[in-house]
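*Asks:* would you be able to build a 3D model of this:
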Amino acid sequence: MFKSKMIENEKTLQCCLKHQLPIVSVILNPQLLKLQRLLCNQCSNNVDTLANVVSFEKIIQMIEQQQNQKLHLIETMIIQNIKKIESFQNLIIQMKSNIIQQLEQLNKILKDWITNLKSIGVKHSQYSFHEELENIINKNNNMKFNSNSFIKDISIENNNRNSQAKPKLEQYNQFPEYNECNQILLDLQVDILKLELFENLNENSMNINNESEGNIQVVQVPYLEEEDIKLQLIHQSVLQEDYCFSIVFNSSSTIMVSTDKKVIKVWNFNDERIKLQQTFEQHKDWKENFWTYSQAYSQHTNSVNCMILNENEDQLFSGGDDQSIKVWSLDFRNGKLIYQYSLDKHINRVCALSLNQSESLLVSCGNSKNETIIWEKGIQDKMEFKYVVKQSVSCGGKKVKFIKDNQFIWVPCVKEIDKIFIFELMEGVFQKNQQKTIQLNQYEDEGDYYLFPIIYNKQKNVIIVRHKCYIYLIRELNNGQFKIVEQLKFKTNYIYGTISNNGSYLVYWDNQNWFYSTYELFYQRLNYQINHIFVLQYIYNFQNDQSLLMIKLTIKLRKTLELNCHFEFYQFNKLCFIRIRSKKRILNLFSICLKSTFIKSIAESLTLVVEQILYNFLRILKY
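*Replies:* From the prediction side, this is the model:
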């Protein structure tokens, strides 16, 4: 790569007397000047024979030898650095490709979003002449535009696309445009919540007497308790004498599928009861988990312990005792499963798998220490090894679950540890957040099993964890901490179950009772303490039939928070606007349009409206 090069030209070197003859020797005397050391033949005849004279050719050889050694060191260091920089450069190119690919996916989401909104507009812009004529003739109230359906369509579309776009946007939170993009998504979410609130309040609209003025004291209600869940046993009569290791529901929670040793059972789930519909004998043995009569698919060389689907249900991930994760392409319609590739970094059995919400990351956990692995979607949407998550506890894990794009929970499997650990993305890697660790009931007689995976229902904000002899129901609080809100205790750790997709029912089988048990989940709605509602001012005929009612409201939330805010009701012809104002930073300013006549009755119905506003308002804050 490099060549030694002398700055001076050998042919132009001259002796000190400038005889214009070639240099033939050199005097090695440090006391001489540089030019005095060089000798030609004529100079050599006049030099003292005792002087330390060396031939010029030998000096050149000595210098070249030293330069070659120096050159080897230079080349070694430079080449090593260049190789590392080239590797860095290749990674940057790959990152650039991934970023472009991610942004193209995000752009496609936005294009589809716009297309679907236009389709919604076209759908609700159409009308039937004959139906409209019939309404005019009959003076039918249906002539009014039914905004409920329209708002619902927009709400569903915006929520779906928002949930797809936001996780992808989070990857670029260091970009200067991130805050503006995020604010747009937030505005879209808030706008649709306003419309939903508009409809909810319209249904519960009240009228305040235009001449009402003064103080109104509202009956006290209890302090806000964190939103709890209660379990109630509703059915326990279906006996099964062989082990059930897995239970799942379909998307509508009307069909339940469970295992009975080597038999697959399909149940109807109606009226809170399960009724056996059909049974299927498996093709080979319990390793396979298919109940449709497709061909058998074999890639794992040992038992399969866990399987998950992506959101589109066209890709399957399976982990097993053969220390591998297999990735499959899935075609439910044609009953086909096509093997794609294998992920092979585990040194022990793979116990659990989970995809994050944007499906850009996969986390897997194994049966020994330091076997929680992060995989990242790379080129051609293939999962690639990223890193092993560092753990402070010396054990493996049996369960893992992404709760957010940047947060997952992990459950160790040893007898001595009864905790759930929360890992969050910090400084580019997932690390344990010690402050959020969930302490479980201590029980050192048994370890935990990997079957009955963690279940997370985002809509209901509930996490189901079976750990040893307990089933825990856990919720995330507004401050980001996690709280056990309900639990069931058993005399066995052989408990296998799930909750319905709507989050309303818990079904499990255990070898203590040998029954299928069904519990209903009751979600306690937030209950606000309204200390008082005080009508400060009511201005009549404010300006051309415009009215203003200001209501001062004090809301106390348990232990920590007291919100003092003003509700301002504005009436413009038969339209009413509500504004919430507060000096507290936790409350944002926003306005809502109510398509209703102005409020007349101010007593208990006003409390209902305020609670409804607060409920929706805190939903906005939580978002």
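
*Asks:* count residues in the vicinity of the closest residue to Y178 other than its chain neighbours, would you?
*Replies:* Leaving aside its chain neighbours, Y178 sits nearest to Y172 (5.5 Å; criterion: C-beta to C-beta, 6 or more residues apart in numbering). (Each C-beta comes from the backbone N, C-alpha and C, glycine too.) By other C-beta atoms under 10 Å, 16 other residues sit near Y172.

*Asks:* just to be sure, Y172 is in a strand?
*Replies:* No - looking at Y172 with DSSP: H, G, I helix; E, B strand; the rest coil, it is coil, so not inside a strand.

*Asks:* what's it sitting at in phi/psi?
*Replies:* The phi/psi pair for Y172 (degrees, to the nearest 10) reads phi -120, psi 40.

*Asks:* that one reaches N179, doesn't it?
*Replies:* No - the pair Y172 / N179 is not scored as a contact, 10.7 Å apart, by C-beta atoms under 8 Å.

*Asks:* settle this for me: Y519 is touching Q236, isn't it.
*Replies:* No - Y519 is beyond contact range of Q236, at 9.2 Å (criterion: C-beta under 8 Å).

*Asks:* tell me which of these two has more neighbours.
*Replies:* Between Y519 and Q236, counted using other C-beta under 10 Å, Y519 has the larger neighbour count: 24 against 12.

*Asks:* which strand or helix spans that one?
*Replies:* Here Y519 sits within strand 515-523, counting by DSSP states H and E.

*Asks:* excluding chain neighbours, what is closest to C365?
*Replies:* Per C-beta to C-beta, 6+ apart, closest to C365 is G397, 3.9 Å.

*Asks:* if I look at the one you found, how far off is S324?
*Replies:* 17 Å (C-beta to C-beta, to the nearest Å).

*Asks:* neighbour count: the two, which is higher?
*Replies:* The residue with more neighbours, out of G397 and S324, is G397; 27 against 19, by other C-beta under 10 Å.

*Asks:* the more buried one touches C413, doesn't it?
*Replies:* Yes - between G397 and C413 there is a contact under C-beta under 8 Å: 6.0 Å.

*Asks:* give me the common contacts of the two.
*Replies:* Overlap of the contact sets of G397 and C413 (by C-beta atoms under 8 Å, 6 or more residues apart in numbering) consists of C351.

*Asks:* got the buried residues for the strand holding Y519?
*Replies:* Buried residues in strand 515-523, counted by 16 or more other C-beta atoms under 10 Å: Y516, S517, T518, Y519, L521, Y523.

*Asks:* same question, stretch 113-132
*Replies:* Buried, per 16+ other C-beta under 10 Å, within stretch 113-132: W113, N116, I120.

*Asks:* quick check: pLDDT value at the first one.
*Replies:* The one in question is W113. W113 carries a pLDDT value of 91.

*Asks:* that one against E157, yeah?
*Replies:* Yes - using C-beta under 8 Å, W113 makes contact with E157 at a distance of 7.0 Å.

*Asks:* start and end of stretch 448-460, how far apart?
*Replies:* Distance across stretch 448-460, first residue to last, is 26 Å (C-alpha to C-alpha, to the nearest Å).

*Asks:* would you mark the buried spots in that stretch?
*Replies:* D448, Y449, Y450, L451, F452, P453, I454, I455, Y456, N457, K460.

*Asks:* L117 versus F150, what's the distance?
*Replies:* To L117, F150 is 11 Å away according to C-beta to C-beta.

*Asks:* now S364
*Replies:* On the measure of C-beta to C-beta, S364 and L117 end up 38 Å apart.

*Asks:* which of the residues in stretch 31-38 are buried?
*Replies:* For stretch 31-38, burial by neighbour count (16+ other C-beta under 10 Å) applies to R37, L38.

*Asks:* gap between that stretch and the chain center?
*Replies:* 76 Å (C-alpha atoms, centre = their mean, to the nearest Å).

*Asks:* can you give me the end-to-end span of it?
*Replies:* Using C-alpha to C-alpha, first and last residues of stretch 31-38 are 13 Å apart.

*Asks:* what does that stretch contact?
*Replies:* So stretch 31-38 is in contact with L13, Q14, C15, C16, I23, V26, I27, L28, N29, F56, going by C-beta under 8 Å, 6+ apart.

*Asks:* what residues are up against the fifth one?
*Replies:* Contacts were defined as C-beta under 8 Å, 6+ apart; by that measure I23 touches L13, Q14, C15, L38, L39, C40, F56.

*Asks:* again, only this time at 10 Å
*Replies:* Listed by C-beta atoms under 10 Å, 6 or more residues apart in numbering, the contact set of I23 reads 10-11, 13-15, 37-41, 43, 55-57, 59-60.

*Asks:* now swap in the last one and tell me
*Replies:* With contacts taken as C-beta under 10 Å, 6+ apart, F56 has the following neighbours: E10, L13, P22, I23, V24, S25, V26, L38, L39, C40.

*Asks:* among the contacts of stretch 31-38, which ones are buried?
*Replies:* C15, I23, V26, I27, F56.

*Asks:* these in strands, which ones?
*Replies:* Taking DSSP state E as the definition of strands, those contribute V26, I27.

*Asks:* quick one: which of the buried ones among the contacts of stretch 31-38 is nearest I417?
*Replies:* In terms of C-beta to C-beta, no member of these lies closer to I417 than V26, at 77.8 Å.

*Asks:* quick one: low-confidence residue ranges for this structure.
*Replies:* Applying pLDDT under 70 to the chain picks out residues 1, 48-51, 139-146, 190, 192-227, 271, 282-293, 524-623.

*Asks:* I'd like to know how far the closest residue to Q240 other than its chain neighbours sits from W514.
*Replies:* Leaving aside its chain neighbours, Q240 sits nearest to D260 (5.8 Å; criterion: C-beta to C-beta, 6+ apart). Relative to W514, D260 is positioned 11 Å away (C-beta to C-beta).

*Asks:* joint contacts of those two?
*Replies:* Counting by C-beta under 10 Å, 6+ apart, the common neighbours of D260 and W514 are Q240, E241, D242, Y243, C244.

*Asks:* for those residues, pick the one with the most neighbours.
*Replies:* With neighbours set by other C-beta under 10 Å, the maximum within the shared contacts of D260 and W514 is found at C244, which has 23 neighbours.

*Asks:* what helix or strand does that one sit in?
*Replies:* Here C244 is covered by no helix or strand, with elements defined by DSSP H and E.

*Asks:* what's the distance between it and M256?
*Replies:* 11 Å.

*Asks:* of the contacts of stretch 31-38, closest to F490?
*Replies:* L28 (93.9 Å).

*Asks:* didn't the closest one look like it was pressed against I59?
*Replies:* Yes - when contacts are counted by C-beta atoms under 10 Å, L28 is listed as touching I59 (8.5 Å).

*Asks:* hang on, I120 packs against Q126?
*Replies:* No - between I120 and Q126 there is no contact under C-beta under 10 Å: 11.4 Å.

*Asks:* the closest residue to R466 other than its chain neighbours and L276, how far apart?
*Replies:* Using C-beta to C-beta, 6+ apart and skipping the chain neighbours, the partner closest in space to R466 is F452 (4.2 Å). In this view, F452 and L276 are 21 Å apart by C-beta to C-beta.

*Asks:* and the strand holding Y519, how far out from the chain middle?
*Replies:* With C-alpha atoms, centre = their mean, you get 28 Å for strand 515-523.

*Asks:* over to stretch 412-427?
*Replies:* Counting by C-alpha atoms, centre = their mean, stretch 412-427 comes out at 18 Å from the chain centroid.

*Asks:* what about it, start to end distance?
*Replies:* Stretch 412-427 has an end-to-end distance of 24 Å (criterion: C-alpha to C-alpha).

*Asks:* list the contacts for the nearest residue to Q512 once chain neighbours are set aside?
*Replies:* Using C-beta to C-beta, 6+ apart and skipping residues adjacent in sequence, the residue nearest Q512 is T492, 4.4 Å away. Taking C-beta under 10 Å, 6+ apart as the criterion, T492 is in contact with E446, K468, C469, D510, N511, Q512, N513.
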